[in-house]
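**Student:** Turn this into a model:
(chains A, B, C and D)
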Protein chains: 2
Amino acid sequence: MHNKDMQTSRTDSARFVDDYLPALLAQASRLISGEFHLVVNANGFTVSEWRVLAALAGNEPMSIGRIAQITTIKQSTVSRLLDRMEAAGHVERLDKDGDRRITLVAITPAGSRTVSRLIPLAREHEQRVLEPFGLQRAEELKSTLRSIIELHETPVLDT
Amino acid sequence: MHNKDMQTSRTDSARFVDDYLPALLAQASRLISGEFHLVVNANGFTVSEWRVLAALAGNEPMSIGRIAQITTIKQSTVSRLLDRMEAAGHVERLDKDGDRRITLVAITPAGSRTVSRLIPLAREHEQRVLEPFGLQRAEELKSTLRSIIELHETPVLDT
DNA sequence: ATTAAATATATGATAAATCATGTTTTCATG
DNA sequence: CATGAAAACATGATTTATCATATATTTAAT
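**Tutor:** Okay, here's the model as predicted:
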């Protein structure tokens, strides 16, 4: 008589969160990132640190504010991440000449080596995630996400 | 002579994070959720609390583990969120008969009223986000995200 | 030049999230 | 039944993240 209580225990109507874009984005993001989390941790990084490194990967030094923008991590948080990462020798802070308010962050050779080692693994993981969807649908997904980001990105600021 | 240092300060080649799905998902998710964050806060919730409420919205009571699964928040974190939310009268814990290990969580009438007030705002916000893409592309995006979630969802567990 | 506002980063205080583990209850097996 | 493993949740200790604000520097206006 009470077989309604099956695995999902939902009612007939679709759940709000199953059709609500921010919830879908959050769940997908957290599931996927969480998988690579394991690899990242095994290499001695938190996910946030990895996100910062990935942002710096293959690029010229960039300001702390810009890192905060790219990673969508608050500036004050980035500042603390960088303390750890600098102590670990993965990045270094440089003065920007011309504007001494700005601190540029450069990836060190050691950090670069680590990233070079992780990026192929990240790509493999990404491949595995995208494989079921085929190239075209994968590109559509990325393209849509890029548009969303572009439309909602804000100028470099805290709070 | 140094006009290379324009706004984005990137090199010729595309940045890794601009073509890396997990990074795109994370950035899109954080930007979009961050916008609604304001509304959520104005109503006295943290984003996590809102995510839990949204998971419960219009549904029968569900276990704490299941909430953790849907929200991709760790079980121990959900437990603490529920303490706050229960104290605030938005949800209540119930014993499940038949298995006393399980604690079911139900949304209270008060919580339900709050959610009913927030969901339309959430939908509006979602509309604004999706509007530039048109119905079809929006549905494709959601559908792809749902597939990703389905493929990567794991059984109810901690750690 | 001086001063006020704005910008970029850092930091103390606090809140939130997570880890590791404990408790309780159920399940499976001899 | 008794016992050990497993499942679900709670909780102390710790780590991360964030808020609020301070410091330093630059920019703009007088």
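**Student:** Next, see if the one helix or strand A:I149 maps to gets close to chain B.
**Tutor:** For A:I149, the enclosing helix or strand under DSSP states H and E is helix A:134-152. Yes - Helix A:134-152 lies within reach of chain B by C-beta under 8 Å from any C-beta of the partner chain, at A:137-138, A:140-142, A:144-149, A:151-152. C-beta coordinates here come from the backbone N, C-alpha and C atoms, glycine included.
**Student:** Now that helix: buried residues?
**Tutor:** For helix A:134-152, a neighbour-count test (16 or more other C-beta atoms under 10 Å in any protein chain shown) marks A:138, A:140-142, A:144-145, A:148-149 as buried.
**Student:** follow-up on the earlier one: between the residues of helix A:134-152 next to chain B, which sits nearest A:Q127?
**Tutor:** Nearest to A:Q127 out of the residues of helix A:134-152 next to chain B is A:A138 (C-beta to C-beta; 9.4 Å).
**Student:** okay, now the spatially closest residue to that closest one that is not a sequence neighbour: neighbour count?
**Tutor:** Using C-beta to C-beta, 6 or more residues apart in numbering or on different chains and skipping residues adjacent in sequence, the residue nearest A:A138 is A:L130, 4.2 Å away. Residues lying near A:L130 (other C-beta atoms under 10 Å in any protein chain shown) number 18.
**Student:** helix/strand/coil for A:L130?
**Tutor:** Of the three states, A:L130 takes helix under DSSP: H, G, I helix; E, B strand; the rest coil.
**Student:** got the contact list for it?
**Tutor:** A:L130 makes contacts with A:138, A:141, B:21, as judged by C-beta atoms under 8 Å, 6 or more residues apart in numbering or on different chains.
**Student:** So which of the buried residues of helix A:134-152 is the closest to DNA strand C?
**Tutor:** Relative to DNA strand C, the closest of the buried residues of helix A:134-152 is A:I149; by C-beta to the nearest atom of the strand it sits at 19.5 Å.
**Student:** tell me which element the most centrally placed residue in chain A is part of?
**Tutor:** Geometric centre of chain A, nearest residue: A:R51, 4.7 Å, by C-alpha atoms, centre = their mean. Using DSSP H and E, A:R51 falls within helix A:47-56.
**Student:** Surely A:E92 forms part of a strand?
**Tutor:** Yes - per three-state DSSP, A:E92 lies within a strand segment.
**Student:** wait, doesn't it sit right on A:E86?
**Tutor:** Yes - using C-beta atoms under 8 Å, A:E92 is in contact with A:E86, at 6.1 Å.
**Student:** for the helix or strand containing A:L81, packing partners?
**Tutor:** Following DSSP H and E, one finds A:L81 within helix A:75-87. When contacts are defined as 3 or more C-beta pairs under 8 Å, 6 or more residues apart in numbering or on different chains; DSSP states H and E, helix A:75-87 packs onto helix A:47-56, helix A:64-71, strand A:91-95.
**Student:** List the buried residues of that helix.
**Tutor:** For helix A:75-87, by 16+ other C-beta under 10 Å, it's A:75, A:78, A:81-82, A:85.
**Student:** quick check: angle from that helix to helix A:64-71?
**Tutor:** Interaxial angle, helix A:75-87 versus helix A:64-71 (axes from the mean of the first three to the mean of the last three C-alpha atoms, to 10 degrees): 100 degrees.
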